[in-house]
Structures are given as structure tokens and as C-alpha cells.
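1. Okay, predicted coordinates and the sequence, questions at the end:
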Amino acid sequence: MNQALSGMTTGERALLGAATVFSLASVICQFAGAPGIVNFVICAIALGMLAWLVGFSTEIIGTRFGPGATGVLQSTLGNAPEFFVVIFALSSGQIIVAQTAIFGSIFSNALLVLGLAIVFGSRASSDGVMRFERRLPNDTATLLLMSVFIITMLGLSANAGDRASHHQLAISVIGAVCLLGVYATWLNSYLRHDVATSPLAKDLPHPEVTHVSLRTAFVLLGVAGVGAAFISDWFVQSINPAIAVAHVPKIFVGLVIVAIAGNAVENLVGVRLAAKQKNDLAISVIKNSIAQIAVFLYPVLVLVSLLFATHLTFAVSPLLIGGLALTAISVWQVTGNGEATEFEGWALISLYIILAVVFLFE
């Protein structure tokens, strides 16, 4: 095994070691009956480390398929921890955790991670402006607004108490199918466009960072996936005991802690790429994750939830509706013209902090 991992850098070995240590610690806490708050913290850190390992493995695998496919592959498999968290939350009837985990992932990527990437990318630029291709930011805004549309319509219907409000599940299922159809159409067009007009294979960081074999990457991905499945279940089980001790609102836990533990760590690779002035690839990694959560992961989970007693729908609280709508507008405003400056990055980060504080007192 040591020979298989010999191509990893010192930092990557350290992160792999941390992932192993915290994963084992979460197993010990689970079977030793550790206090809920301890179990919660250990599982949250372990999820973050496993999310990094999933991202690391998919990046290596993705080098065989090109940059466009790499971004999509990384986003799809990198969102695996969130998928498991939501599934186990639904199976235990915790609909608030399920909904806020999804929205929290969107908020953390679109505001916090993108903001950090812009800050580092603009600082690395000689003129203080981070520049990138316009298509993906504008496409992401369109996809986000589609999700905002159905969520807003259901929210207005629920508040009005009209006839449609009694059919939220049916409307959500139809909406999920529509979103998945549009996403599939967009994905096909995006990958074709990426291959034809802007191959970025030279920008991929993997050859200069690691020489881990493809077989090793698949093994690491499989281990991380299995680990994420178990730890997500334990993490969800520990939420209520942890909340009882810390007196933190459940909606804050889902929007901030669960989102950062399962998503932001993996996507900080975008920040590193931006700091190296690999702007198009950085934006691709982050924006693909935002789009996938909004119009792929969320609709898929709506359909999968039909198998459980607790159903996930697009009907959410007015605060979540407003937060998602304003996030979509803010992201489009900042990145729609293909360039961004440091103050715009700090603006996105500040919006995330404001959002988190609002839900902390919710």
C-alpha cells in the first residue's frame, strides 16, 4: 500500500492520514457510546476529510477524461457525502436537516467557496482582476434560477393556501423530472462545447501534484464512498443529542455545519487553482458543483424520497426561498461578465456570513 501511495505529496499523505484517523475515531465513538456532541464533532470532521478524499480520487480519475468531464465527475462524486446525509436524514424523518443540507451546500459553494476563489484569484492577477470564460457562470445562473422558480412557486402556493398547495409532492416530482431533463440537455451541450473550444488539460493540477495510479485512485474512491455512507448515518443520528447540548438551531446545523463538513472542504481545490491563476478550471470546479446540487442532486433526492415515509419536496421556508433567489442573483452579478475583483469576492463571503448569522438566530 505504501508503494501505491508513494506518488502522493507530503500534504496529501497528511490529509489521507487525518481522514483515516478521524474515520476510525468516529467508529470508536459510535460503538463506545461517546457523548452526542463528541460523536457529532468527530463525524463532522471525518465527513470533511472523506469529502476531500473523494475529490482527490475523482481528480486523478478525471485526468483520463479531460477537464470538462473532470469537473462534472468531481462534482457528481464529490457530492456523495451530502447525498448520504440527506438519505439518512429522510429515513429518520428529519426533513429540516435534509432540506437545509442541500441549501447549505449551495450557499457554501456559491458564496463562501466562490468568494474565496475570487479573492485569491484576483490577488494572483497582475492587475487585480480574475478573468474566466463567461459561459459556465451564465449557464449556472440559468440553472439556479430554474430551481428558484419552482421553489418560489411552491412557496407562494403554500403561503396562499390555494388548491395547488395540497399537491406539493406531485408538483415536486414533475418539477424534478423537468429539472433533470434540462440538466441532461445542458450537460451534453457543455461537454461538447468544452472539448471543442477550450480544452484545459494543460491546466489540470494532477500531473504536477501527484503520480498516484488510476487503480489506487479507484480503491481510495471506493473506501471513501463506503466510509461516507456509514459516517453520514452516524452523523445524522448524533445531530439531535448535539443540538440538545449546544442549543444551536437545527436549521443552522444543516445550513452551515453539515454543508461545510460535507462539501466546502472538497471544493477548496477551486481556491487553490484560483491562487495559481488557473481561473477557468477553478470556476469550472466550483460552478459545476453549484449547478449539480441545484438541478441534479436535489431533484434526484426528491424522486428517491418517494421510497421513504418522509418525502422531500421543493416546498421550503420563505427564508430559504429568499436566500436561494438572492444567491442566484448575486452569483450572476459577480461572475456573469467573465471577470471579478477582490472586493466582489469579499462581498460574497460577507453575504454567506450574514446568511449564517440570520439562521443562527432563527
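-> Sure, I can see it.
2. Would you mind giving me the confidence score for A19?
-> Note on A19: pLDDT of 84.
3. mind listing what L112 touches?
-> Going by Cβ atoms under 8 Å, 6 or more residues apart in numbering, L112 touches 260, 264, 348-349, 352. In this view, the C-beta of every residue, glycine as well, is placed from N, C-alpha and C.
4. For M130, what are phi and psi?
-> Per-residue torsions, M130: phi -90, psi 120 (degrees, to the nearest 10).
5. G270 versus that one, what's the distance?
-> Counting by Cβ to Cβ, to the nearest Å, the separation of M130 from G270 is 12 Å.
6. cool, S126 as well?
-> According to Cβ to Cβ, S126 stands 21 Å off from G270.
7. Which one's more surrounded, the two?
-> G270 (29 against 6; other Cβ atoms under 10 Å).
8. contacting residues around that one?
-> Going by Cβ under 8 Å, 6+ apart, G270 touches 113-114, 117, 282-283, 285-286.
9. Of the residues you listed, which belong to helices?
-> Using DSSP state H, the subset of those located in helices is 114, 117, 282-283, 285-286.
10. So which of these sits lowest on pLDDT?
-> Lowest pLDDT among these: V285, with 77.
11. State the distance from that residue to I42.
-> Separation of V285 from I42 (Cβ to Cβ): 28 Å.
12. Check the contacts of L112 for burial and list the buried ones.
-> Among the contacts of L112, those classed as buried by 16 or more other Cβ atoms under 10 Å are 260, 264, 348-349, 352.
13. So which of the contacts of G270 is the closest to F22?
-> Closest approach between the contacts of G270 and F22, by Cβ to Cβ: V113, at 21.3 Å.
14. from memory that closest one sits against I286, does it?
-> Yes: with contact defined as Cβ atoms under 8 Å, V113 reaches I286; the gap is 5.7 Å.
15. continuing past the lowest-mean-pLDDT helix or strand in the chain, what's the next helix or strand?
-> Across the helices and strands of the chain, mean pLDDT, DSSP states H and E gives its lowest value to helix 206-209, namely a mean of 44. Later in the chain than helix 206-209, the nearest helix or strand by DSSP states H and E is helix 214-246.
16. How far away from the center of its chain is that following helix?
-> Centroid separation for helix 214-246 versus its chain: 15 Å, with Cα atoms, centre = their mean, to the nearest Å.
17. by contact count, what packs against the helix or strand just after that helix?
-> Heading C-terminal from helix 214-246, the first helix or strand you meet, by DSSP H and E, is helix 250-252. If you count contacts as 3 or more Cβ pairs under 8 Å, 6 or more residues apart in numbering; DSSP states H and E, helix 250-252 packs onto helix 95-107, helix 342-360.
18. what's in contact with the helix or strand just after helix 250-252?
-> The helix or strand immediately downstream of helix 250-252 is helix 259, counting by DSSP H and E. With Cβ under 8 Å, 6+ apart as the test, helix 259 has contacts from 82, 101, 104-105, 107-108.
19. From G254, how far out is L360?
-> With distances taken as Cβ to Cβ, L360 is found 12 Å from G254.
20. Between these two, point out the one with more neighbours.
-> Using other Cβ under 10 Å, the more surrounded residue of L360 and G254 is G254, with 26 against 14.
21. Since that was my last question, I'll sign off now.
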